[in-house]
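Undergrad: Could you work out the structure for the sequence below:
(one chain, ligands or ions: 1)
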Amino acid sequence: MEEKGDGMRSSPRQTWRMVKGPRRLPVLVAIIFAAAVAAAITAAQSADAQSTSAGSSASVSAAAASGGAKNVILFIGDGMGDSEITIARNYHLGAAGEFAMDTLPMSGAYTTYSVQEDDPATPDYVPDSAATGTAWATGSKTSNNRVSTTAGTDEDLRTILELAQRSGRSTGNVSTAELTDATPAVLDSHVTHRDCKGPEDMDELCSQDKKANGGPGSIAEQSVDHGVDVLLGGARGSFEQTIDAGPDEGKTVVESAERQGYEVVYDADAMEAARPGSKLLGLFAEENMDLLYSGEPAKANHDFKPQTCKEDQLPPEQPELASMTTKAIELLEGNERGFFLQVESASIDKEDHISNPCEQIGETVNLDNAVAAGLEYAAANPDTLVVVTGDHGHTSQIIPSPQGGYFDEGYEYDVPGEAATLNTADGTTMTVSYATNTFRDENGEIIEGEDSEDSHTHTGTQIRIAAQGPGSEGVLGLTDQTELFDTMAISMGLDASASASASASTSASASASTVPNTGGFAPAWLAALAVALGGLVLLVSRRVLRADG
Ligand SMILES: [Zn+2]
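TA: Residues are numbered from 1 along each chain as shown. So this is what the prediction gives:
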């Protein structure tokens, strides 16, 4: 890939490091203490290895006391903030229920703000998935709509997937959205704008990225040219566009993929039949994939009449996210150096935008089933870091229902925005409100979200991040989204500092940018000793820094 000049390459990174700096040391000290406690538990419980419960204290200790991660599986619920998880849990399992994602022993929160294109030193409090994805994929903040390029200066930012490839790992990128949508795109492409999905989408927003203009091409072209081993999701429409220059000029991106050694499949049966040995491109929908649940959208002037969602709505030719995850792992796990896999449930966000609670819940369940599949693999392969998080907050909120005790007599309550009431697994009702935008017709009357061309918005809140496995203590406390990149890079023994430089064509490069990966588990006593010494050093350095003011 073309280098885009040297300019102010590191400035966005310095910006976020300055912002988050003061809280980093207390977080680290907290991590050290947690790790020390966990390592001590490991030493005490090392004989008790038969426990497989993901939520047990034994798995906390395994997480903290282990060495490097051979594999990383990152699960992203797009737009999945605390509200979206709680809404889905209440509906599907009941308030006291436990999702697979709830069993991960290491849990914290992270901030997700982006930065302003015209002034990258200033935060933009409400981010989009392109900027948030760039943050966790590259360790650097950028402005909304950018895909792994810097705000203002348009330089390429090296991604965690590219670094994992350089370490010899296999890689996979899985989404229920278009494979060219922002979240999968940030791992294997670098473009100015997220809408530059296929070679015919480039003129308006990314003309300098066009292959005909010497650039790396659209998101679809770059994902194939990156040689990602497993690509599963939607976006047949983007991949069937015609390439405008280079060795595959005149071919579609699908034909280019086949020339570059991909098997291309279009339905669940063909995906299941795929065997290790060639790269796999699965395109299961023209655009985004279909959804697990359906129901009535939220409405303005809500009457609290409850509904129950229709389940099992996904057409059988489209695989569920859990099946895609299991197949991806099966195809990747043969590499003795390990793998990096990203799995996104994308339409939590998309249905949140258009105030469809059933569809939003179904896609959260879709993600959790995939997490369960990932945890099953990790239970048998504990050298696997598993991370589950969202990318930004979203609009939906749980508000009082008439069946609860919130509406005392005489309480005036005018439900804002649009709302829907659902029958939950607890045998009661839950009301969900969507009120980050108001839609009006030409007469000034409020119209309902799904009929509107506009949509509810993301929000700027911090959100949950949870993990288990080697390096998972990196998610504890309050961190920033950019630190997820560090957590994954450190766990895989990758040289994170390489992320600040512009990326070259990863599939062509032979130089491995890695530091030694311990690749296995240290004995518990060794880990405990290392953790204790590390904690001492950090405590001393903290005092020195404080003395310096
Ligand atoms: Zn969104």
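Undergrad: From now on I want contacts and neighbour counts done on CA atoms only, so please keep to that.
TA: Will do.
Undergrad: Can you tell me the SS state at residue 108?
TA: Using DSSP: H, G, I helix; E, B strand; the rest coil, the structure places residue 108 in strand.
Undergrad: how near is it to residue 489?
TA: Counting by CA to CA, to the nearest Å, the gap from residue 108 to residue 489 is 18 Å.
Undergrad: Who has more neighbours out of those two?
TA: residue 489 (27 against 17; other CA atoms under 10 Å).
Undergrad: thinking that one is in contact with residue 495, fair?
TA: Yes: applying CA atoms under 8 Å, one finds residue 489 in contact with residue 495, separated by 6.9 Å.
Undergrad: Residue 297 contacts residue 355, correct?
TA: Yes: between residue 297 and residue 355 there is a contact at 6.0 Å, judged by CA under 8 Å.
Undergrad: between the two, who's got more neighbours?
TA: The residue with more neighbours, out of residue 297 and residue 355, is residue 355; 30 against 20, by other CA under 10 Å.
Undergrad: ok, that one to residue 458 distance?
TA: In terms of CA to CA, residue 355 sits 12 Å off from residue 458.
Undergrad: Which residues are in contact with residue 475?
TA: 106, 107, 108, 109, 465, 466, 467, 484, 487 (CA atoms under 8 Å, 6 or more residues apart in numbering).
Undergrad: out of these, who has the most neighbours?
TA: Scoring these on neighbours with other CA under 10 Å, the highest-scoring entry is residue 467 at 29 neighbours.
Undergrad: Provide the strand pairings for the host helix or strand of it, with the direction of each partner.
TA: Using DSSP states H and E, the element containing residue 467 is strand 463-468. Using DSSP bridges, the strands paired with strand 463-468 are strand 106-111 (antiparallel), strand 384-390 (antiparallel).
Undergrad: got CSV for those strands, with distance to residue 177 and mean pLDDT too?
TA: CSV is the format used below for the strands paired with strand 463-468 (distance: least, CA to CA, whole Å; pLDDT from 0 to 100):
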stretch, distance to residue 177, mean pLDDT
strand 106-111, 24, 98
strand 384-390, 15, 98
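Undergrad: Figure out which of those is closest to residue 71.
TA: Of all these, it is strand 384-390 that lies closest to residue 71, at 4.6 Å by CA to CA.
Undergrad: packing partners for the helix or strand just after the closest one?
TA: Following strand 384-390 in sequence order, the next helix or strand is strand 397-399 (DSSP H and E). In terms of contacts (3 or more CA pairs under 8 Å, 6 or more residues apart in numbering; DSSP states H and E), strand 397-399 is packed against helix 82-92, strand 429-434.
Undergrad: just checking, which of these sits deepest inside the structure?
TA: strand 429-434 (a mean of 26; mean count of other CA atoms under 10 Å).
Undergrad: what's in contact with that one?
TA: 87, 90-91, 298, 304, 306, 352, 355, 357, 395-401, 403, 415-424, 456.
Undergrad: Tell me the strands beside that strand, with direction?
TA: Strand pairing (DSSP bridges) places strand 429-434 next to strand 397-399 (antiparallel), strand 418-423 (antiparallel).
Undergrad: now the residue minimising distance to the centre of the chain: how far from residue 160?
TA: Against the mean C-alpha coordinate of the chain, by CA atoms, centre = their mean, the closest residue is residue 76 at 2.9 Å. From residue 76 across to residue 160, the span is 15 Å (CA to CA).
Undergrad: May I have the beta-bridge partners of residue 76?
TA: Applying DSSP bridges, one finds that residue 76 bridges with residue 344, residue 389.
Undergrad: Could you verify my assumption that it touches residue 389?
TA: Yes: between residue 76 and residue 389 there is a contact under CA under 8 Å: 5.3 Å.
Undergrad: Settle this for me: residue 383 is touching residue 471, isn't it.
TA: No: here residue 383 does not reach residue 471: they are 9.9 Å apart, not a contact under CA under 8 Å.
Undergrad: need the contact list for the closest residue to residue 466 other than its chain neighbours.
TA: Closest residue in space to residue 466, ignoring its immediate chain neighbours: residue 107 at 4.1 Å, by CA to CA, 6 or more residues apart in numbering. Residues near residue 107 by CA under 8 Å, 6+ apart: 464, 465, 466, 467, 475, 476, 477.
Undergrad: Near the closest residue to the second one other than its chain neighbours, how many other residues are there?
TA: Leaving out its chain neighbours, the residue that sits closest to residue 465 by CA to CA, 6+ apart is residue 389, at 4.5 Å. Applying other CA under 10 Å, we find 27 residues neighbouring residue 389.
Undergrad: Please name the residues that touch residue 389.
TA: So residue 389 contacts 75, 76, 77, 80, 463, 464, 465, 466 (CA under 8 Å, 6+ apart).
Undergrad: mind showing which ranges of the stretch 401-549 of the chain have poor pLDDT?
TA: Within the stretch 401-549 of the chain, the ranges that satisfy pLDDT under 70 run 446-454, 496-549.
Undergrad: Residue 122 belongs to a helix?
TA: No: Residue 122: not assigned to a helix; according to three-state DSSP it is strand.
Undergrad: and residue 412, helix, strand or coil?
TA: Applying three-state DSSP: residue 412 is coil.
Undergrad: Any regions of this structure where pLDDT drops low?
TA: In the chain the weaker segments, taking pLDDT under 70 as the threshold, are 1-67, 446-454, 496-549.
Undergrad: which strand of it spans the most residues?
TA: strand 170-178 (DSSP state E).
Undergrad: Show the secondary-structure elements that that one is packed against.
TA: Using 3+ CA pairs under 8 Å, 6+ apart, strand 170-178 sits against helix 160-166, helix 182-188, strand 230-234, helix 321-332, strand 339-345.
Undergrad: Output the contacting helices and strands for the next helix or strand after the second one.
TA: Just to be clear, that refers to helix 182-188. Moving toward the C-terminus from helix 182-188, the next helix or strand (DSSP H and E) is helix 219-225. Under the contact definition 3+ CA pairs under 8 Å, 6+ apart, helix 219-225 sits against helix 182-188, helix 236-239, helix 253-259.
Undergrad: so which of these is the most packed in?
TA: helix 182-188 (a mean of 30).
Undergrad: so how far is it off the chain centroid?
TA: 9 Å (CA atoms, centre = their mean, to the nearest Å).
Undergrad: which stretch of helix or strand covers the closest residue in space to residue 141 that isn't next to it in sequence?
TA: Nearest residue to residue 141 in three dimensions, chain neighbours excluded: residue 135, at 5.0 Å (CA to CA, 6+ apart). Residue 135 is part of helix 129-138, with elements assigned from DSSP H and E.
Undergrad: Would you mind getting the angle between that helix and strand 384-390?
TA: 160 degrees (axes from the mean of the first three to the mean of the last three CA atoms, to 10 degrees).
Undergrad: now helix 129-138: how far from the chain's centre is it?
TA: Worked out by CA atoms, centre = their mean, helix 129-138 lies 9 Å from the chain centre.
Undergrad: do stretch 118-131 as well
TA: 17 Å.
Undergrad: separation between residue 88 and residue 444?
TA: On the measure of CA to CA, residue 88 and residue 444 end up 33 Å apart.
Undergrad: scratch that, residue 283
TA: Distance from residue 283 to residue 444, by CA to CA: 42 Å.
Undergrad: Out of those two, name the residue with the larger neighbour count.
TA: Between residue 283 and residue 444, counting by other CA under 10 Å, residue 283 is the more crowded of the two (27 against 8).
Undergrad: residues contacting the more buried one?
TA: Contacts of residue 283 (CA under 8 Å, 6+ apart): 232, 233, 234, 235, 236, 264, 265, 266, 267.
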